[in-house]
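S.K.: what follows is a predicted protein model with its sequence.
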Amino acid sequence: MRRTTMLVVCTLALTLCAVYAAASEPADTLKVEYFANANTAGAPDATFRLTNDGTSGGNICADIFVYDSAQELSECCSCLITPNGLLTLSVNKALTANPLTGVSLNTGTISVVSARPTAGNCPLPTTAIAPVAGVRGWATHIQNTNFTITETASQDGTLSSGALTIMQNDCYAVNLIGSGKGQCSCSPGE
């Protein structure tokens with residue numbers, strides 16, 4: 001009887017610890033977005049806006065991963081955002097202008113991990129990303145063949161350690177073989 005009671009108490013304690021740990025994971029560490037009709041003749045340029053809501057208590061790095069429609073990493077970069085700062089990036093000129101393969105992207109996705117700076121800087125997100133809460137995002141979208149412009153808030157994603165490792169490894173590989181290709185830009189691109 002004592003063994004069963006102890007087992008139930010231990011199981012309950014572990015369950016509560018797991019629930020508390022899951023609940024205490026920082027929100028706003030991963031944002032996901034899509035783009036369409038990028039680099040398309042006659043279409044306007046889309047805009048991707050990111051802000052640091054100040055949750056982290058300091059500067060954050062927006063670790064950006066741009067994927068083509070076949071889920072292959074095309075570009076990656078890391079941009080510093082101060083508390084309440086606004087980073088405005090051109091999809092055509094900052095996020096898809098330097099693809100690893102040299103082939104301009106028309107459609108794809110953008111994943112952004114909010115991370116702590118390393119010694120005050122935002123190095124290329126190839127290793128040791130330390131996720132922290134605070135990034136929020138919005139993007140304009142160029143729709144259909146009539147190029148109607150819409151704007152949406154970026155969607156929250158669940159950041160797993162496995163997904164983070166894959167993103168870091170992909171960025172490392174792009175940086176290793178790209179010789180400067182495959183690195184997006186933190187300047188507005190206007």
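M.R.: On my side now, so go ahead.
S.K.: the most centrally placed residue in the chain sits in which helix or strand?
M.R.: Nearest to the geometric centre of the chain sits Val112, at 0.9 Å (CA atoms, centre = their mean). Val112 is part of strand 108-115 when elements are defined by DSSP states H and E.
S.K.: list the buried residues in that strand.
M.R.: 108, 110-115 (16 or more other CB atoms under 10 Å). Every C-beta, even on glycine, is put in place using the N, C-alpha and C of the backbone.
S.K.: hmm, which two among those residues are most spread apart?
M.R.: Largest separation among the buried residues of strand 108-115 by CB to CB: Gly108 and Ala115, giving 21.4 Å.
S.K.: need the distance between the two termini of stretch 136-150.
M.R.: 18 Å (CA to CA, to the nearest Å).
S.K.: I meant to write stretch 90-100 there.
M.R.: 18 Å.
S.K.: one more: stretch 119-137?
M.R.: 25 Å.
S.K.: so which bits of it are buried?
M.R.: 122, 124-126, 129, 131-137.
S.K.: what does stretch 151-162 contact?
M.R.: 27-33, 111-113, 131, 136-141 (CB atoms under 8 Å, 6 or more residues apart in numbering).
S.K.: follow-up on the earlier one: now render the buried residues of strand 108-115 as a markdown table, adding distance to Asn146 and pLDDT.
M.R.: Formatted as a markdown table, the buried residues of strand 108-115 follow (distance: CB to CB, whole Å; pLDDT from 0 to 100):
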| residue | distance to Asn146 | pLDDT |
| --- | --- | --- |
| Gly108 | 21 | 97 |
| Ile110 | 23 | 98 |
| Ser111 | 28 | 97 |
| Val112 | 29 | 97 |
| Val113 | 34 | 96 |
| Ser114 | 35 | 96 |
| Ala115 | 38 | 96 |
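S.K.: that's all I had, so thanks and see you.
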